[in-house]
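*Asks:* Compute the structure for the input listed below.
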Amino acid sequence: IFVLDEVKNGLADLVLGARMRGARPNPVSRSHDYDGFSAVVIAAEQPVAADAFFALMDRIPASIYRIKGTVAVKERRQFQYYSFQAAGSHWRVEPSADKSGTTQLIVIGQKDDAEFAEFCIALNHLAGHSQAATRTGNEPG
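*Replies:* Numbers count the residues shown, from 1 in each chain. Okay, here's the model as predicted:
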């Protein structure tokens with residue numbers, strides 16, 4: 001048995017790296033709770049208009065942190081099915097194996113931000129809903 005602190009030639013530093021030098025906090029000393037964000041679920045049972053959806057995605061505000069899910073779009077009388085990912089204003093789509101015709105997206109952004117709320121309302125309207133989107137977690141009752 002040996003103690004890493006007693007080993008010569010910096011083995012402790014090699015094995016434990018930045019953690020040994022105090023560059024990373026102890027995992028139990030950090031909380032992952034953060035009530036500064038809001039998550040909204042957008043769901044549609046019918047495909048959404050492709051042009052309107054992609055135009056809205058080109059205007060993702062800075063208060064949106066992440067969007068993830070599946071989207072079904074109607075494009076030139078055909079349905080296309082995509083897995084959708086966005087981090088900030090950068091987004092991408094990939095063909096999806098899910099051909100159910102439904103859209104389900106989760107939008108995570110800055111809590112109590114007007115642009116975040118407006119974006120979610122616009123996305124919810126594209127999904128065919130006139131009411132506000134469904135909020136999840138960290139939301140006041």
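*Asks:* Identify the residues contacting the nearest residue to Thr102 once chain neighbours are set aside.
*Replies:* The shortest distance from Thr102 to any non-neighbouring residue, by Cβ to Cβ, 6 or more residues apart in numbering, is to Glu45 (5.5 Å). All C-beta atoms are positioned from the backbone trio N, CA, C, and that covers glycine. By Cβ atoms under 8 Å, 6 or more residues apart in numbering, Glu45 lies in contact with 101-102, 128.
*Asks:* In TSV: these, plus distance to Gln110.
*Replies:* Formatted as TSV, the contacts of Glu45 follow (distance: Cβ to Cβ, whole Å):
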residue	distance to Gln110
Gly101	31
Thr102	27
Gly128	26
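*Asks:* top of the residues you listed by neighbour count?
*Replies:* Thr102 (17 neighbours; other Cβ atoms under 10 Å).
*Asks:* Help me confirm that it comes into contact with Ala72.
*Replies:* Yes: under the criterion of Cβ atoms under 8 Å, Thr102 makes contact with Ala72 at 6.1 Å.
*Asks:* hey, what's in contact with both of those two?
*Replies:* With Cβ under 8 Å, 6+ apart, Thr102 and Ala72 have common neighbours Ala44.
*Asks:* The longest strand seen in the chain - contacts with which helices or strands?
*Replies:* Counting by DSSP state E, the longest strand found in the chain is strand 64-75. Applying 3 or more Cβ pairs under 8 Å, 6 or more residues apart in numbering; DSSP states H and E, one finds that strand 64-75 contacts strand 37-44, strand 48-49, helix 50-57, strand 78-87, strand 103-110.
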